[in-house]
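Trainee: Got a sequence here, can you build the structure:
(one chain, ligands or ions: 1)
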Amino acid sequence: MQKMKQASMDNQKASVGKGRRVILFPMPLQGHITPMLQLANILYNKGLSITIIYTHLNSPNTSSYPHFTFCSISDGFSKDEASTTNYVAFMTLLNVKCVVPFQECLEKLLSNVEEQPIACLISDAMLYFTQAVADSLKLPRIVLRTSNIASFLVFTAIPGLLREKGYYPIQDPQSEAPVIEFPPLRVKDLPETKTTDDATRDQLLSLLASQTKASSGMIWNSCRKLEQDAITALEQEFPIPIFTIGPFHKYFPAYSSSLLSQDHSCISWLDKQAPKSVIYVSFGSIVAINETEFLEIAWGLANSGVPFLWVVRPRSVQGAEWVEALPKGYLEMVDGRCHIVKWAPQQEVLAHPATGGFWTHNGWNSTLESICEGVPMICHPNFGDQSVIARYVSYVWRVGLHLEKKLERRVIERAIRRLILEAEGLELRSRIIGLKEQVDVSLKGGSAYKSLESLISYIQSF
Ligand code: UDP
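Mentor: Numbering: from 1, shown residues only. Predicted structure coming up:
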């Protein structure tokens, strides 16, 4: 058993928040850390004091947040366990390994009488073990779910309804058959969880649902303007207080919570491009592709004739360190029309006047960032919630093109030209600008604004 001293308390600076303290605990993945830190800033600006518990694995850059108190805990992951791409195994293990260090850290924080009194814990919904720990310490726990609401409803139905109705295990991942229980999804839009261990996945998802239901409430990086129907269904399924206060990143000017360092050369490159002329290509922090797909993307981009800004994360092409699989002479051929970086300041890129479209994997953060900048998308989901989000982008909000077929250079070239050069792209852009405006209204005095006000009163009431 690990001792309390292993939870190292690195008070970065005395907190300047005045109000009651909330403890936040993110899942250590980029797409989860970013919204948790954004939420921390939102709560801090509303007068609450903030303490973040984080794991050694993928630890955030604490020096960027001198106004928060940070406590690190050991997660006990080996190098192999930390670098796995099996996220079902990763999340399951995290929920086992963190129990003792997290409990010890929380006990220590609760016993510190010099700090402001602690109102509640806010932890990532996937860190379901924190419910039992919070209960044992009589501390209310609110969950933060970092994806969209529609995909959460689908995920939590996998072990029950969707399995009973025979959707899982998925027999034909290309099937266009409707999922009548979750319109407008088709079988091909159901989440692909990239595991062969269905029993472990189902257990993880059952615990996600049951420990969320046992919590004191849910916070969502989403809003009624985007997901009214899903919110109605959620309120029935999960009868706990629900706060839809997103998109979080709109509460502040763009700032970075990147685990990787951002290459700002792309902004000066964008400065030289014509308005709305560039396709920005990025598949987020996790998706990996094989060499064949990489080459099809490369040729599709080159053949489109459209200028492109392409994020290729190191080791995201299987078997390669970076872009060495590009054919000889490729870079010379697209010189001036192409800029490739390892990691971009994405929000700034999307806000840049030269950016005309975003080819995305439809991670929820990327999708929200694109909506908020009015940039239409090419949707190419890879796994997890991304296929559900892509269906919403292309079919419900109709602000993107869905690249549903196998990655093939001619299909890619065609989709890029449709988005950037043709009337269809203009239509998508005008629709996404309309959606962005509705989201802005929701944040400025509308439903998201009101929901945040009630969240703050709720936290103060503990
Ligand atoms: N991101 C970035 N630079 C890049 C690519 C992505 O800063 O070059 C950020 C992006 O702005 C988003 C996050 O990484 O906030 C990715 O989260 P998302 O939910 O879209 O996808 P995930 O990485 O979880 O698959």
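Trainee: Just the closest residue of the stretch 301-450 of the chain to the ligand, please.
Mentor: Of all residues in the stretch 301-450 of the chain, G363 sits closest to the ligand, at 2.2 Å by Cβ to the nearest ligand atom. Every residue, glycine included, has its C-beta placed from N, CA and C.
Trainee: In this structure, where is pLDDT below threshold?
Mentor: 1-18, 254-256 (pLDDT under 70).
Trainee: How about it, which of its residues are in the neighbourhood of the ligand?
Mentor: Residues of the chain that fall close to the ligand, judged by Cβ under 6 Å from any ligand atom: 30-31, 34, 258, 282, 284-286, 311, 343-344, 346-347, 363-366, 369.
Trainee: which of the residues you listed count as buried?
Mentor: Those of those that meet the buried threshold are 30-31, 34, 258, 282, 284-286, 311, 343-344, 346-347, 363-366, 369, by 16 or more other Cβ atoms under 10 Å.
Trainee: Tell me which of those fall in helices.
Mentor: Counted as lying in helices by DSSP state H, out of those, are 30-31, 34, 346-347, 364-366, 369.
Trainee: quick one, what contacts L455?
Mentor: By Cβ atoms under 8 Å, 6 or more residues apart in numbering, the contact set of L455 is 217, 219, 243, 245.
Trainee: so which of those residues is the most crowded?
Mentor: Comparing the contacts of L455 by number of neighbours (other Cβ atoms under 10 Å), I219 comes first, having 27 neighbours.
Trainee: So what touches the strand or helix carrying that one?
Mentor: With elements taken from DSSP states H and E, the one containing I219 is strand 218-220. Residues from elsewhere that reach strand 218-220 (Cβ under 8 Å, 6+ apart): 39, 122, 125, 142-145, 148-149, 212, 234, 238, 240-246, 455.
Trainee: and the gap between K194 and A288?
Mentor: Per Cβ to Cβ, to the nearest Å, K194 is found 11 Å from A288.
Trainee: Find residues that contact each of the two.
Mentor: Residues touching both K194 and A288 (Cβ under 8 Å, 6+ apart) are T85.
Trainee: In three-state terms, label S222 for me.
Mentor: For S222, the assignment made with DSSP: H, G, I helix; E, B strand; the rest coil gives coil.
Trainee: What's the local residue count around the spatially closest residue to it that is not a sequence neighbour?
Mentor: Among residues not flanking S222 along the chain, G246 sits closest, at 4.8 Å (Cβ to Cβ, 6 or more residues apart in numbering). G246: 30 surrounding residues under other Cβ under 10 Å.
Trainee: do the same with L295
Mentor: There are 18 residues near L295, going by other Cβ under 10 Å.
Trainee: Just give me the neighbour total for S268.
Mentor: By other Cβ under 10 Å, neighbour count at S268 equals 9.
Trainee: Ramachandran coordinates for it?
Mentor: Recorded main-chain torsions at S268 are phi -70, psi -30, according to degrees, to the nearest 10.
Trainee: sorry, back to before: ChimeraX command for the buried members of the contacts of strand 218-220?
Mentor: The buried residues among those can be selected in ChimeraX (16+ other Cβ under 10 Å) with this line:
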select :39,122,125,142,143,144,145,148,149,212,234,238,241,242,243,244,245,246,455
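Trainee: if I look at G363, how far off is W310?
Mentor: 17 Å.
Trainee: Report the strands that pair with the strand holding I219, each with its relative direction.
Mentor: Sheet pairing here is set by DSSP bridges, and for strand 218-220 it gives strand 141-145 (parallel), strand 242-244 (parallel).
Trainee: And the helix or strand following it, what's buried?
Mentor: With elements assigned by DSSP H and E, the helix or strand that comes after strand 218-220 is helix 224-237. Neighbour counts using 16+ other Cβ under 10 Å place 224-227, 230-231, 234 of helix 224-237 among the buried residues.
Trainee: Can you check what angle separates helix 224-237 from strand 141-145?
Mentor: Relative orientation of helix 224-237 and strand 141-145, computed by axes from the mean of the first three to the mean of the last three Cα atoms, to 10 degrees: 130 degrees.
Trainee: For helix 224-237, give me every contacting residue.
Mentor: So helix 224-237 is contacted by 148-150, 152-153, 156, 218, 242, 244, 371, 392, 397, 435, 438-439, 441-442, 446-448 (Cβ under 8 Å, 6+ apart).
Trainee: how far does that helix sit from the chain's center?
Mentor: Computed by Cα atoms, centre = their mean, to the nearest Å, the chain-centroid distance of helix 224-237 equals 19 Å.
Trainee: what do you get for stretch 186-197?
Mentor: Distance, stretch centre to chain centre, for stretch 186-197: 18 Å (Cα atoms, centre = their mean).
Trainee: Just the buried residues of that stretch, please?
Mentor: The neighbour-count check on stretch 186-197 (16+ other Cβ under 10 Å) flags 186-191, 193, 195 as buried.
Trainee: pretty sure I142 is touching L121, no?
Mentor: Yes. I142 is within contact range of L121, at 7.3 Å (criterion: Cβ atoms under 8 Å).
Trainee: Residues touching stretch 337-347, excluding its own?
Mentor: Residues outside stretch 337-347 that contact it (Cβ under 8 Å, 6+ apart): 249, 254, 256, 258, 260-267, 269-270, 280, 282, 301-302, 305-314, 322-323, 331, 366, 369, 373.
Trainee: Generate a PyMOL selection restricted to the buried subset of the residues you listed.
Mentor: If you want just the buried ones from the contacts of stretch 337-347 in PyMOL, going by 16+ other Cβ under 10 Å, the selection is:
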select buried, resi 249+256+258+262+263+266+267+269+270+280+282+301+302+306+307+308+309+310+311+312+313+323+366+369+373
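Trainee: List the ones among the contacts of stretch 337-347 that fall in strands.
Mentor: Among those, the ones falling in strands (DSSP state E) are 280, 282, 308-311.
Trainee: nearest to F294, of these?
Mentor: Distance to F294 across the ones in strands among the contacts of stretch 337-347 (Cβ to Cβ) is lowest for W310, with 10.4 Å.
Trainee: what sits opposite that closest one in the beta ladder?
Mentor: When bridges are called by DSSP bridges, W310 pairs up with V281, I340.
Trainee: Beyond the helix or strand encompassing D80, next helix or strand please.
Mentor: Using DSSP H and E, D80 maps to helix 79-82. Later in the chain than helix 79-82, the nearest helix or strand by DSSP H and E is helix 87-97.
Trainee: what packs against that next one?
Mentor: In terms of contacts (3 or more Cβ pairs under 8 Å, 6 or more residues apart in numbering; DSSP states H and E), helix 87-97 is packed against helix 198-213.
Trainee: Buried residues, the helix it packs on. List them.
Mentor: By 16+ other Cβ under 10 Å, the buried positions in helix 198-213 come out as 200-202, 204-205, 207-209, 211-212.
Trainee: which residues does I73 form a beta bridge with?
Mentor: Beta-bridge partners of I73, as defined by DSSP bridges: T55.
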